[in-house]
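# got a sequence here, can you build the structure:
(one chain, ligands or ions: 1)
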Amino acid sequence: MTITTNTEAVVRVRGLKKHYGEREILRGVDLDIAAGETYALLGPNGAGKSTTIEILEGLRRRDSGEVMVLGEDPLIAPRKWKSRLGFVSQGTGDFGPNTPRELLRHFATIYPNPRNVDEVLDLVGLTAQAGLRANKMSGGQQRRLDVALGIVGRPEMLFLDEPTTGFDPEARHQFWDMLRGLASDGTAILLTTHYLDEAAQLANRVGVLTGGRIVAEAPPAELGGPEARTPLVSWVDNAGEQREQRTDEPARLVAELVAASGGTEPRNLEVKRPVLEDIYLDLIAQDAALEGVNA
Ligand SMILES: Nc1ncnc2c1ncn2[C@@H]1O[C@H](COP(=O)(O)OP(=O)(O)OP(=O)(O)O)[C@@H](O)[C@H]1O
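Predicted coordinates for the structure are as follows:
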């Protein structure tokens, strides 16, 4: 008997390489995702996130490296393997004049153990639009339908490539709640997003893909190490110079600055506690600087 535990690797990638023409896009990517884990793959435009996902889905060939998804190599996996995966790719589908309910009913027949169609419509907030022509729905509603089609097959592994593009804030929050529910049922999720707050909200771990490699990987609250979270105090000094200093004791520094200016607050005084977005941008900038040195 196979016992599934939360530590079982659903995705295992080692040394993944891929080039297009002369350009090396992936230069040795390592990645592990466990059952029930949500992993957010972050990186600038063109870093290779979609390429990585497409290789894991078996839609694209790799140059080299080891890739296992649900115990199979996507390049030689049997047909039924695909029915254990869910996909929401970038951009929205061409739905034609069908309604969300019709499309979901059709897709549900493809899978051995599909979710109830009405339940899925409710999960993605499309119950009111279930009988409307999908090609007449708004962009955000069509994106919800993409998500609905991705989860109707009750996937064990769900790939979401920028899933919430076009969602209004309320829809995004509903979507986060839905993903938390799927993850707590054991679904492994690989998510790409340019919304750092989304990654912070959802991911157990985030990985930063840049320069063809994952340069940092950690739970969102730990990315970049404790130093990256040190508060930054900035101000304009008496000579008009912009100054900044990182310190674990911002209140003490501010008090010193005030005392040094004879009791008045320095101009443009700001105390900033770095959030995931700041840390991510620093990591990308550091990597770009290193690439420049090594070029
Ligand atoms: N079929 C292809 N042929 C040639 N180049 C490609 C092909 N597909 C992608 N690329 C290039 O590979 C690079 C990585 O693309 P990819 O779509 O994987 O990046 P991404 O990280 O998902 O970007 P984004 O955040 O903009 O979606 C880009 O420079 C892209 O132009």
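# now do the least confident helix or strand in the chain by mean pLDDT: distance to the chain's middle.
In the chain, no helix or strand scores lower on mean pLDDT, DSSP states H and E than helix 276-294, which sits at a mean of 84. Put simply, helix 276-294 sits 18 Å off its chain's centre (Cα atoms, centre = their mean, to the nearest Å).
# one more: stretch 118-127?
23 Å.
# Provide the contact partners of the least confident helix or strand of the chain at residue level.
The contact list for helix 276-294 (Cβ atoms under 8 Å, 6 or more residues apart in numbering) reads 42-44, 196-197, 199-200, 206, 208, 210-211, 215-216, 220, 223-224, 228-229, 272, 274. Where C-beta positions appear, they are placed from N, C-alpha and C, glycine not excepted.
# and the ligand, which of those residues contact it?
G43 (Cβ under 6 Å from any ligand atom).
# just the buried ones from the contacts of helix 276-294?
Buried members of the contacts of helix 276-294, counted by 16 or more other Cβ atoms under 10 Å: 42-44, 196, 199-200, 206, 208, 210-211, 215-216, 220, 223-224, 228-229, 274.
# break down the stretch 51-200 of the chain into its helices, ranges please.
Here the stretch 51-200 of the chain has its helices, by DSSP state H, counting those that start in this stretch, at 79-82, 100-108, 117-123, 139-151, 169-184, 196-202.
# would you reformat those helices as a markdown table and include mean pLDDT?
Converted to a markdown table, those look like this (pLDDT from 0 to 100):
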| stretch | mean pLDDT |
| --- | --- |
| helix 79-82 | 92 |
| helix 100-108 | 96 |
| helix 117-123 | 94 |
| helix 139-151 | 91 |
| helix 169-184 | 90 |
| helix 196-202 | 94 |
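# from the ones you listed, which stretch is densest packed?
Each of these was scored by mean neighbour count; the highest is helix 139-151, a mean of 22, by mean count of other Cβ atoms under 10 Å.
# with L85 as the reference, measure out to the residue of the chain most remote from its centre.
Relative to the C-alpha centroid of the chain, counting by Cα atoms, centre = their mean, G262 is the outermost residue, at 48.4 Å. Distance, G262 to L85, by Cβ to Cβ, to the nearest Å: 66 Å.
# for stretch 26-34, the averaged confidence score.
Average pLDDT, stretch 26-34: 97.
# can you tell me what sits against it?
6-19, 39, 41, 48, 51-52, 55, 62, 65, 157, 188-190, 207, 209, 211-214.
# buried stuff in that stretch?
26, 29, 31-34.
# take the contacts of stretch 26-34 and keep only those in helices.
The helices, defined by DSSP state H, take in 51-52, 55 from these.
# top of those residues by number of neighbours, please.
T52 (29 neighbours; other Cβ atoms under 10 Å).
# enumerate the residues of the stretch 1-150 of the chain near the ligand.
Counting by Cβ under 6 Å from any ligand atom, the residues of the stretch 1-150 of the chain near the ligand are 20, 25, 43, 45-51, 90.
# now N238: closest residue in space, sequence neighbours ignored.
S261 (6.7 Å; Cβ to Cβ, 6 or more residues apart in numbering).
# so the protein: which segments form each domain?
Using automatic domain parsing, the domain parsing of the chain gives 9-218, 226-294.
# apart from its chain neighbours, what residue comes closest to D73?
V67 (6.2 Å).
# cool, and R105?
V117 (5.5 Å).
# the one you found contacts L103, correct?
No - V117 is beyond contact range of L103, at 9.4 Å (criterion: Cβ atoms under 8 Å).
# just to revisit the earlier point, could you check the pLDDT of the residue farthest from the centre of the chain?
As predicted, G262 sits at a pLDDT of 87.
# likewise A295?
Reported pLDDT for A295: 59.
# R273: neighbouring residues, count only.
10.
# list the residues that contact it.
R273 is in contact with 229, 231, counting by Cβ under 8 Å, 6+ apart.
# rerun at 7 Å
P231 (Cβ atoms under 7 Å, 6 or more residues apart in numbering).
# same thing with R205?
Applying Cβ under 7 Å, 6+ apart, one finds that R205 lies in contact with 39, 217-219.
# and if you look at E37?
With Cβ under 7 Å, 6+ apart, E37 has these contacts: 188, 204.
# please shift the residue numbers so they start at 653 in all later answers.
Right, with 653 as the first residue, what we last looked at is E689.
# and it, how far from R919?
47 Å.
# same question for E908.
16 Å.
# try S886
11 Å.
# try R806
For R806, the distance to R919 - Cβ to Cβ - is 58 Å.
# phi, psi for the residue nearest to R795 when sequence neighbours are not counted please.
Among residues not flanking R795 along the chain, G818 sits closest, at 4.9 Å (Cβ to Cβ, 6+ apart). Main-chain torsions, G818, degrees, to the nearest 10: phi 90, psi 0.
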